[in-house]
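In: Got a predicted structure here, sequence first:
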Amino acid sequence: MNLAETAIAPLIDLPYDEQLAVRQAKVQKALGWLGVRVSPIIPSPRVEGSRARLTLRQAASHANAPSRLGFHLPGSHSHWIPDSTDLARLARPEVVAGVGLLDALGLTIRADVEVRSDGERAIFAFSEPNPVPRTVPGADGDVELAVAINGKRRSGRPILTVDGLRVSPSSFMQVNLEVNRLVVADVDAILQDIVPVGILDLYGGVGNLSALAATRGVHVALADNEGSATDDAKKNLPGADVMAMDVGKWKPGQSFYDVAILDPPRSGAPGMLAKVAVTRPRVILYLSCDPLTLARDLGTIHGRGYRVVRVQPYDMFPGTEHVETLAVLQRV
């Protein structure tokens, strides 16, 4: 089985313009009912080798010997071990090197391990305790490995710095660093044009979309689940009102804002746009990784005091049918 035959990157062998057309059409099909022109998808600067994080596991071994790291294929009991060529087509060089290092150590790895990168170095986030060495031999002496177990530091510095933001090993980070940078730049350009007094950042994570505005003195109220991401946000956005909570339980009146940002998980943000709209912010920005849940959520307020004025897809996930989409809503 090669990479294109898996659910991991089924489109990777298509010419890139054809891949983009598939993802553009997916957004158009889901959101065409809005009557808003879907902007051309913004391509990934890295067509292959774009992923800054991979979650891997070993197949069960019947010979009491560790196997190489690979992928559990979605919707099956199959385990696929990529060769070096396929791995390089998927992930950034530092991630590929990290996977190779773990394989070379010959460890028996229980459960999952995520190898993630900030574009310069790789860290290893294990979901269960493993006998990982703290150092490995290097050209100039022993090198300390950056390892976290269940989000807690074990050795090295398993905290990344992504475009100036602290990202702990269990905090969410986008899989494509270059495309994320483009998204952040677009969101921030909109914010600079609006000049908000206050921003509500729901599902805000480490502050990825609102940190630049916060540096300009805009007050930010950020909400996300309690954990490492909100701990990071408190450091990334000093002076912001960071709320560690179940975002679905956020209520109108908890925060002052005239612009709202939502960046929910793939399941979307059911019911949240109606709550956000209660205090009638001037603009709402909704970043989604699933056009279907985005369409469902936009349908709750589009034409009911707000209208979608821009739909911008981004190719965050080359080789797949997945697509990131920014929707901009204005109060009418």
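Out: It's in.
In: ok, for the residue nearest the centre of the chain, nearest residue in space, not its chain neighbours?
Out: Among the residues of the chain, the one closest to the centroid is residue 174, at 2.5 Å (C-alpha atoms, centre = their mean). Nearest residue to residue 174, sequence neighbours excluded (C-beta to C-beta, 6 or more residues apart in numbering): residue 180, at 3.9 Å. The C-beta positions use only the backbone N, C-alpha and C, and glycine is treated the same way.
In: contacting residues for the one you found?
Out: 162-163, 173-174, 208, 316 (C-beta atoms under 8 Å, 6 or more residues apart in numbering).
In: Which positions within the helix ranked longest in the chain qualify as buried?
Out: Counting residues, the longest helix found in the chain (DSSP state H) is helix 177-194. Applying a neighbour-count criterion of 16 or more other C-beta atoms under 10 Å, one finds 177, 179-180, 182-184, 186-188, 190-191, 194 buried in helix 177-194.
In: show me where the stretch 101-250 of the chain has helices.
Out: 177-194, 211-215, 228-236 (DSSP state H, counting those that start in this stretch).
In: how near is residue 199 to residue 163?
Out: Using C-beta to C-beta, to the nearest Å, we find residue 199 at a distance of 18 Å from residue 163.
In: Comparing the two, which shows the higher neighbour count?
Out: Taking other C-beta atoms under 10 Å, residue 199 and residue 163 do not tie; residue 199 has more neighbours (28 against 14).
In: Make sure the more buried one is actually in contact with residue 212.
Out: No - under the criterion of C-beta atoms under 8 Å, residue 199 is not in contact with residue 212, lying 10.7 Å apart.
In: any common contacting residues for the two?
Out: Here residue 199 and residue 212 share the contacting residues residue 191, scored by C-beta under 8 Å, 6+ apart.
In: re the thing from before, make TSV out of the contacts of residue 180 and add distance to residue 322 and pLDDT.
Out: Shown next, in TSV, are those (distance: C-beta to C-beta, whole Å; pLDDT from 0 to 100):
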residue	distance to residue 322	pLDDT
162	20	97
163	22	96
173	16	97
174	12	97
208	18	98
316	7	98
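In: Out of those, which is nearest to residue 17?
Out: Nearest to residue 17 out of the contacts of residue 180 is residue 316 (C-beta to C-beta; 17.2 Å).
In: one step back: so among the buried residues of helix 177-194, where is pLDDT lowest?
Out: On pLDDT alone, residue 194 ranks lowest of those, at 95.
In: mind checking how far that one is from residue 231?
Out: 29 Å.
In: And for residue 136?
Out: 29 Å.
In: more crowded one of the two?
Out: residue 231 (16 against 13).
In: In contact with that one, which residues?
Out: Shown in contact with residue 231 (C-beta under 8 Å, 6+ apart): residue 168.
In: Begin at 424 from now on, thanks
Out: In the new count, where the first residue is 424, that last one comes out as residue 654.
In: Give me the local confidence score for it.
Out: So residue 654 comes in at 97 (pLDDT).
In: just residue 532 next, same as before
Out: Residue 532 is given a pLDDT of 86.
In: Out of the contacts of residue 603, which is nearest to residue 570?
Out: residue 596 (17.3 Å).
In: got a list of what the closest one touches?
Out: Residues in contact with residue 596, defined by C-beta under 8 Å, 6+ apart, are 475-476, 539, 583, 585, 590, 603, 629, 631.
In: Among the residues you listed, which ones are in strands?
Out: 476, 539, 583, 585, 590 (DSSP state E).
In: between those residues, which has the most around it?
Out: residue 539 (29 neighbours).
In: leaving aside the residues next to it on the chain, what's closest to it?
Out: In space, residue 539 is closest to residue 476, 3.8 Å off (C-beta to C-beta, 6+ apart).
In: repeat for residue 729
Out: Using C-beta to C-beta, 6+ apart, the nearest residue to residue 729 is residue 752, at 4.5 Å.
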